[in-house]
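1. Next input, structure requested:
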Amino acid sequence: MPVVSISRVAAAVAAIAFLAANADAQPQAETGAVERLRAEGFVVARSAGTYPSQDVVQYVAENAAKLQIPITALERSTPRQVVERVCGSAQPGYQQLFSDRNRGTAIAWESPLDATTASQAIFPACLYANVQRGRTISAASGDTQTAIAQLYTGFGKNDRLRLTNLFGKIKKLALGEAVNLELVTAPTLVRPLVGIDNFRKGLERAGGSETTVREVTVGGILIEPSDKPCNGSVAAPADGDVVARIRNSYPFEPATLFAAYEWTRNLRIPRIVRVMIVDNGFWGVPPCDGPSCLDEAGQPILAEPFPRLVFATDDYVGDIAPQSLGLVEPINYMNKLAAGEIDAVRGHGTHVAGLALGGPTLMRSMLGLPNDSWAKLSIINLAPGGRTFPSGADQGFYMALNVPDRIFQPDVVNMSFALKGDRATALRQALLPRDDEKTLFVAAAGNDGAPLEDVGEFPASLGGPTSRNVMTVAAIDADGRISSFSSWSGDGVDIAAPGCRIGSWLKGDGKVVPASGTSQAAPFVSFAAAAVRSLWEAPAALVKARLIYSGTLIEPADDRAKVQSGVRLNLFQAMLLRDDLVVARNPTRMLLGRVDKLNLLSCLDGRTPMWANVRSIKRGSVTRIFWKNVDGRALSRCDGDVADTLSGTDNIVSMKVTAEFVNGAFRKVPKRSESVVVRDLVDLVRSELTPN
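-> As a prediction, the model looks like this:
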């Protein structure tokens, strides 16, 4: 059965970002993409619930500015292929309109464009609409046919006739049910040549009574870097205490992280993990708009620090951005901004993308480069190089996620944006977990320095223990305190991660630039999730739980209370999936093997978790216990107690040790039994994989 092609549905968001990025206006002082679009005369139009008629197609083509498509996105494609990708389909009469506009040239509808013809080709404006028989989408929890119709076609009224025409039968939907969907339309940016009111009336006269035309409004904002002071450095632990360096280094200890990854990987071949960045585009490719942009194989030339191997290259969402043409395109350079004008806001998406790949110190060592990369990156551009993005720009993001072929679903989606309230319902529906949901959505908590409940930002407010596949991240300083700029919530923030003066790239020149914010903390968690997924094929709920219960306890208590789990990211421990791990003091030791049952373990609130379900025990100023619930996915925690003595003797953690971590390296040892007295226990984390 045919399914939705993701490169096509991704064009829904590309229809917003792509056209916005191709405006002919000169650079100007920018407060956001929305303001720029308004100044340039763009409006948002959509063929709501109907496929455009020939009269509508002709009216749009004759009364809106032509499409501005870069030459490198046209070469080697036929005009028909270009139109099907940009407009969703070759709509009635469009081929003739294209031929009329290109009369007198050597351009043919079914002939691939070369450098010369690509520079000459004129593509009339269009509204995105796609019809394909047998198309299906997968119903999420709580989905209704009316809600699906609203999302995919733009109408959501209880119109039984239209719903019947769209779906074939009116009925209640079951979780994961395949739903026939033969029409997809999307909000499209067009620039009328006759004014917005005349354009709207002209469409109605042309038969587009169901077509909506509205001004460009703000749909959301990026969580831009914070300029508040924060503590990005602390005194390094003593050289001999490698374990302390691992647990306290900021943001991490690169060599030991690589050692942990290799220890778990062992003879395993890492899985390919798809990481999607939803942000404001990508500046990691040098500016280029001609044939010289392509190498001898016809592939766009990429600059360091982002090699081609780290990008998705299948029909997923294209190489780097969800271009409607599915090709590598430096989307932000189309904004005609000089390279020197790229700052922390315009380069936000690139900075985040670099961190989601491990950042300057880990990208090369852990991803498997230069031979290959287990991480494959894609970027959805909501706000081309700006701070704000138009309402509707998020539409294609939701549509691209909701396909039944799970092979092409992203494993991790990093989200550093905040939607306005009227878009929150659609976002909530798009991210609701399905059975065995593989996609983990990682959301930056925001930089308001306030309780998340007071700010009410989406998607950050979708996190917390009740959500299996959304993980909200606060920022933490090097001194272990929650950053002053970070939003927080004892109920809705899942974990904290380094977010103060974190180095990454703003563009493709290789220069590392520090930035602070929860937008820097979130991609560290995304990278951690991707690393874990490359070693362990598990649904999103289990990956989320693993990152939490392998974390390091936050001290002091008031900061710990700002995060529901009370922990900060510890990627080193998260990746040790095939061994139980015990960290002890007096002397400092890190032991790997299998832990026997621990006696006298209980919660202060009276609960007593079964030992088989306990995933970790952390001891600091409090003892915190994490365990899996009956379904094996939802994670519970409590402040607990482990008695120091048992019948007058030391209570102990007994384990069969098979390896140690000593002097920065893992060392196998002859299997032996060893005990750690409970009073010296720092951390105990259970394994997820069977040892090789």
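2. When you work out contacts or count neighbours from here on, use the C-alpha atoms and nothing else.
-> Fine.
3. who are the neighbours in contact with Glu660?
-> In this structure, Glu660 makes contact with 589-592, 666-669, judged by CA atoms under 8 Å, 6 or more residues apart in numbering.
4. Throw those residues into JSON lines and include secondary structure, pLDDT and distance to Tyr250, thanks.
-> Formatted as JSON lines, those follow (DSSP: H, G, I helix; E, B strand; the rest coil; pLDDT from 0 to 100; distance: CA to CA, whole Å):
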{"residue": "Arg589", "secondary structure": "strand", "pLDDT": "91", "distance to Tyr250": "21"}
{"residue": "Met590", "secondary structure": "strand", "pLDDT": "95", "distance to Tyr250": "20"}
{"residue": "Leu591", "secondary structure": "strand", "pLDDT": "96", "distance to Tyr250": "23"}
{"residue": "Leu592", "secondary structure": "strand", "pLDDT": "97", "distance to Tyr250": "24"}
{"residue": "Phe666", "secondary structure": "strand", "pLDDT": "95", "distance to Tyr250": "21"}
{"residue": "Arg667", "secondary structure": "strand", "pLDDT": "95", "distance to Tyr250": "25"}
{"residue": "Lys668", "secondary structure": "strand", "pLDDT": "95", "distance to Tyr250": "28"}
{"residue": "Val669", "secondary structure": "strand", "pLDDT": "96", "distance to Tyr250": "30"}
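5. Which among those residues count as buried?
-> 589-592, 666 (16 or more other CA atoms under 10 Å).
6. For the stretch 301-450 of the chain, give me the ranges with low pLDDT.
-> The model of the stretch 301-450 of the chain has pLDDT under 70 over residues 301-304, 313-340, 384, 396, 399-408, 420-430, 432-436.
7. for it, what spans make up the strands?
-> In the stretch 301-450 of the chain, strands defined by DSSP state E, counting those that start in this stretch lie at 375-381, 388-390, 412-415, 417-419, 440-444, listed in chain order.
8. what's the most buried one of these?
-> strand 440-444 (a mean of 29; mean count of other CA atoms under 10 Å).
9. what mean pLDDT does stretch 161-180 have?
-> Across stretch 161-180, the average pLDDT comes to 80.
10. for that stretch, how far is the first residue from the last?
-> 16 Å (CA to CA, to the nearest Å).
11. got the buried residues for that stretch?
-> 163, 166-167, 173, 176, 178-180.
12. try stretch 442-461
-> 442-452, 455-461.
13. Let me see the domain layout of this structure.
-> 6-220, 252-574, 580-685 (automatic domain parsing).
14. what's the offset of the first one from the middle of its chain?
-> The chain centroid and the centroid of domain 6-220 are separated by 24 Å under CA atoms, centre = their mean, to the nearest Å.
15. before we move on, what about the longest one?
-> In this view, domain 252-574 has its centroid 5 Å away from the chain centroid, taken as CA atoms, centre = their mean.
16. circling back to that earlier point, format the buried residues of stretch 161-180 as TSV; extra columns: secondary structure.
-> Below are those laid out as TSV (DSSP: H, G, I helix; E, B strand; the rest coil):
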residue	secondary structure
Leu163	helix
Leu166	helix
Phe167	helix
Leu173	coil
Gly176	coil
Ala178	strand
Val179	strand
Asn180	strand
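17. who touches stretch 226-235?
-> 250, 447, 477-479, 483-485, 500-502, 515-517.
18. Filter these down to the ones in strands?
-> The members of the contacts of stretch 226-235 that map onto strands under DSSP state E are 502, 515.
19. Would you mind measuring from Phe397 to Ala375?
-> 20 Å.
20. rewinding a little: pick the one among the contacts of stretch 226-235 closest to Val642.
-> Asp479 (27.5 Å; CA to CA).
21. so how far is Tyr250 from the closest one?
-> 9 Å.
22. Between those two, which has more neighbouring residues?
-> Tyr250 (22 against 17; other CA atoms under 10 Å).
23. check contacts around the more buried one.
-> 232-233, 478, 498.
24. Could you check the pLDDT of it?
-> Reported pLDDT for Tyr250: 91.
25. go on, Lys157?
-> 73.
26. Make 278 the starting number, not 1.
-> Yes, from this point I'll number from 278; that puts the last item at Lys434.
27. count of neighbours near the nearest residue to it once chain neighbours are set aside?
-> In space, and not counting its chain neighbours, Lys434 is closest to Thr423: 6.8 Å by CA to CA, 6 or more residues apart in numbering. The tally of other residues near Thr423 (other CA under 10 Å) stands at 16.
28. so Thr423 sits in a helix?
-> Yes - with three-state DSSP as the criterion, Thr423 is located in a helix.
29. on that earlier part again, so which of the contacts of Tyr527 is the most crowded?
-> Compared across the contacts of Tyr527, Pro775 has the highest neighbour count, 30 neighbours, by other CA under 10 Å.
30. okay but it is in contact with Ser796, surely?
-> No - using CA atoms under 8 Å, Pro775 is not in contact with Ser796, being 10.1 Å away.
31. ok, back up a step: which one of the buried ones among the contacts of Glu937 is nearest to Asn658?
-> Phe943 (41.4 Å).
32. State the distance from that closest one to Ile523.
-> With CA to CA as the criterion, Phe943 and Ile523 are 13 Å apart.
33. what's near enough to touch Gly381?
-> Contacts of Gly381 (CA under 8 Å, 6+ apart): none.
34. Show the model's pLDDT score for it.
-> pLDDT, read off for Gly381, is 89.
35. Determine whether the claim that it is in a helix is correct.
-> No - with three-state DSSP as the criterion, Gly381 is assigned coil and is not in a helix.
36. Quick check: it vs Ala398, distance?
-> 11 Å.
37. repeat for Arg545
-> 50 Å.
38. ok, the two, which is more surrounded?
-> Ala398 (22 against 12).
39. what's the closest non-adjacent residue to the more buried one?
-> Counting by CA to CA, 6+ apart, the residue nearest Ala398 is Asn379, at 6.5 Å.
40. What about that neighbour, how many residues nearby?
-> 16.
41. ok, back up a step: might you report the residue contacts of the residue nearest to Lys434?
-> Counted by CA under 8 Å, 6+ apart, Thr423 has contacts 433-435, 440.
42. how about the contacts of Glu937 in JSON lines, adding distance to Val321?
-> As requested, these are arranged in JSON lines below (distance: CA to CA, whole Å):
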{"residue": "Arg866", "distance to Val321": "61"}
{"residue": "Met867", "distance to Val321": "58"}
{"residue": "Leu868", "distance to Val321": "59"}
{"residue": "Leu869", "distance to Val321": "58"}
{"residue": "Phe943", "distance to Val321": "57"}
{"residue": "Arg944", "distance to Val321": "61"}
{"residue": "Lys945", "distance to Val321": "62"}
{"residue": "Val946", "distance to Val321": "65"}
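43. Following element in sequence after the helix or strand harbouring Ala799, please.
-> In this assignment (DSSP states H and E), Ala799 forms part of helix 795-812. Downstream of helix 795-812, the first helix or strand assigned by DSSP H and E is helix 817-826.
44. so what secondary structure elements neighbour that next one?
-> Contact partners of helix 817-826 among helices and strands, from 3 or more CA pairs under 8 Å, 6 or more residues apart in numbering; DSSP states H and E: strand 717-721, helix 795-812, strand 844-845, helix 848-851.
45. a markdown table please, covering these and showing distance to Leu708.
-> Shown next, in a markdown table, are those (distance: least, CA to CA, whole Å):
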| stretch | distance to Leu708 |
| --- | --- |
| strand 717-721 | 8 |
| helix 795-812 | 16 |
| strand 844-845 | 24 |
| helix 848-851 | 24 |
